[in-house]
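[1] need a structure here:
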Amino acid sequence: MSLSFTTWSQKENNIWTFGYSAGLDFNSGTAVAIMDSIITEAACASVSSRSGSLLFYTNGVTVWDRNNAIMPNGTGLMGNKDASVLQGAVIVPFLNDTTKYYLFSMEDYTTSNEDDLYYSVIDMNLNNGFGDVVPSQKNIWIDSGMSTSLAAVPGDNCNIWLVTHLRDTNVFKVYEITESGINTVTPIFSPVSAYSGLDAYSTSIIRAAPDMQHLAISNFTISTYSNPELNVYSSLELFDFNQSNGQVSNRQMIDSTLGFFFNFLSLEFSPDGTKLYGCAPFMSLYGLPSVYQYDLSLPTLNAIQNSKIPVGNPLLVGDIRRGPDDKIYVAPSFGIQATNLDRIDDPNIAGVGCNYNPSIVPLLAGTYGTTLFPTPVVYPKQDTFFHVSDTFICVGDTLSLKALPGYFYYSFQNNPLTDSVFKISAPGTYWLTYENYCQRITDTFHVHEYEFDANLNDTILCGNSFDLTLDATSSNPTGTQYLWQDGSSGPHLNVTNSGSYWVTMSIGSCAQTDSIVVNTQPFPIFNLGSDTTICEGDVFLLTGPQADRYLWMDGQTSRTYKASIEGVYSLTAMINGCEGKDTISISSVDCNCKLFVPNAFSPNGDGLNDKFTPQLDCGPSQSRYLIDIFNRWGQRVFNSTKISNSWNGTYLGKQVESGTYFYRIEYMDQKGQIKVQKGDITLIY
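    Predicted coordinates for the structure are as follows:
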């Protein structure tokens, strides 16, 4: 069986280094501020071990080790730490070596008239395990004409795609990284973005969705502001990404603006991929919100665009990035020395429910954040294979399990391997795991001893007839030999009398004997009672005998059963393995009283409705009745304890006035419960 996972582990991105000596450590589950040596306005990247320990970090120009010291060859990289190069540093692991990493760095075209992409190789085996930049593999030129956006995305074929975007045009340019290295000969071109022309995408950021099948890019065209007569477009665009071939397709324009002071800088997906966040730094200068949310789960592009809602208003916001804790962190921009970071605590929630919290993450004294957070480190999709096998050993024997060569990590019972051979001398379940970046294989061994069991349990037969065959094969390994007490050697024995029986099971020198005692007893007899009648809505409790197990007709298994509707009820009870059964028929009748109260009468002597006469049908059990009638001043004008007495509209021998009167009737129903009904009647002459 095989499963596929996108990432090697989650802890390689647990330590962030950014800004001016600022950092965050997520290994505790929450962001804890730390101090480091990095100095950068934007470009930064860091990588940790699979256990979360920092390995090294960079600003695209300098590389520091885990002790915050500059690596011996860690200076002079062809990158740029200024804000003009945003995603100017990306770390990608070698796919066939856990100790080596590619460090991609981007040179700023505004200072060198170039916009070149380079890579260097970091070898963690060098410098006594603290790492070093390999001199012969430093500042290797890849390409030019790049924008400031750079991201790594896992592929489907044990590969990683390095996604870039060309400047002044609408083309994504994607390079494949495999175990053989970086393919710079045949990159993948996707001319699908919205804009081309001067400085299009020159300042931009690419982000991959959590499913790695979608990309979003911002287009922050700051340099064209010097020509206000031109249309200055800034945009947020969403694309599909094909992890199999590196193609970018299906552009959707999420948002676009005109004018420099409304331009988008950074963007990020929510952890579940249903929301996209974008930030426009300069809107805050006009008192406008600067962080927005778009709901990507809506069915149409128009609906997504219309879902735009402001969620935060930080001053000159820079980067927004999803952390290992699935919260989104917000950095300042353009030289602001922030000592606290904003954070979106519930980014999967639509609208302001996403919970934007300003200045909630303090940084250490003497450090501050700037424009960009570090770019994430990604690993190929890891296919996970499970192999299960069964094997047997005799008591005292051993079984050797040997690890296969050629993988990065080995573990036995989830503990790191220190030896390639393990001797198993006891039954149980054991597993060996082998891992590299692209595969995780777990071999599970169910080790059984040749411990025999015929499953012969003492048995009681019900009644006087014998129909029992003893089967000794169900729990024994293939190849077991059998010898019964009567000398027969088959796996089965027919029992025709009560008594004791045994069988010896063996393979080679391993043997074990199992036995059984067979007795008889009669079927149990019990009675649920005589057929009966109950009131509708009442519950009649049925109780079974003392027994080992119960089964009612509808599957209930308790000793008692609450019968509430008419029907036939049956119970099967088991005592010492023998079953008995009884049934009872229950019928029901309506035990409720029926009270009818007229709402008007006219005591005018015409023979029609001359009296107020309630009618009560309570059957033969009726034993209590009381009626009181009151005028509108609360004066009682009539009362009686007999249902046969009617009111003729008089009080103290005189006719009362026409109008509304109020009655209260109290009676006892067939169950002995007191019922009260209140209402009003109209007297009309």
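
[2] C158: what's it in contact with?
    Each residue near C158 by CB atoms under 8 Å, 6 or more residues apart in numbering is listed here: 95, 178-179, 380-381, 437-438. To be clear about C-beta, it is placed using only N, CA and C from the backbone, and glycine gets the same treatment.

[3] where does the stretch 151-300 of the chain dip in pLDDT?
    For the stretch 151-300 of the chain, residues meeting the criterion pLDDT under 70 lie at 222-232, 260.

[4] hmm, 80 instead?
    For the stretch 151-300 of the chain, applying pLDDT under 80 flags the ranges 197-198, 221-233, 258-261.

[5] same thing with the stretch 351-500 of the chain?
    For the stretch 351-500 of the chain, the stretches with pLDDT under 80 are 391-392, 394-396, 399, 401-404, 414-423, 449, 451, 463-467, 474.

[6] Over to the stretch 1-150 of the chain?
    Using pLDDT under 80, the stretch 1-150 of the chain drops low at 1-10, 81-84, 108-114.

[7] Let me see the domain layout of this structure.
    Recorded structural domains for the chain (assignment: automatic domain parsing) are 2-362, 382-449, 459-521, 532-589, 594-683.

[8] so how far is the fourth one from its chain's centroid?
    I take that to be domain 532-589. 44 Å (CA atoms, centre = their mean, to the nearest Å).

[9] go on, the longest one?
    In terms of CA atoms, centre = their mean, the gap separating the centre of domain 2-362 from the centre of its chain is 26 Å.

[10] now do the third one
    Relative to its parent chain, domain 459-521 has a centroid offset of 51 Å by CA atoms, centre = their mean.

[11] ok, now the second one?
    Centre-to-centre, domain 382-449 and its host chain are 30 Å apart (CA atoms, centre = their mean).

[12] Could you identify the most distant pair in the contacts of C158?
    Spanning the widest gap among these are E179 and K381, at 14.2 Å by CB to CB.

[13] Compare these two and say which is more crowded by neighbours.
    Legend: neighbour count by other CB atoms under 10 Å for E179 and K381, higher for K381 (22 against 14).

[14] ok, the more buried one touching N159?
    No. Counting by CB atoms under 8 Å, N159 is not a contact partner of K381; they are 9.0 Å apart.

[15] is W161 in a bridge, and if so with what?
    V153, E176 (DSSP bridges).

[16] let me fix that: V90
    Following DSSP bridges, V90 is listed with bridge partners F104.

[17] neighbours around it, how many?
    27.

[18] thinking again about what came up before, please convert the buried members of the contacts of C158 into PyMOL selection syntax.
    Applied in PyMOL, the following selects the buried portion of the contacts of C158 according to 16 or more other CB atoms under 10 Å:
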select buried, resi 95+380+381+437+438
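
[19] Strands - which of the contacts of C158 land there?
    Those of the contacts of C158 mapping onto strands are T178, per DSSP state E.

[20] how about the contacts of C158 in CSV, adding distance to S658?
    Below are the contacts of C158 laid out as CSV (distance: CB to CB, whole Å):
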residue, distance to S658
L95, 100
T178, 101
E179, 103
P380, 94
K381, 89
Y437, 96
C438, 96
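
[21] any idea which of the contacts of C158 is closest to S48?
    Among the contacts of C158, Y437 lies closest to S48 (CB to CB), at 15.4 Å.

[22] I'd like to know how far the closest one sits from N183.
    Per CB to CB, to the nearest Å, Y437 is found 17 Å from N183.
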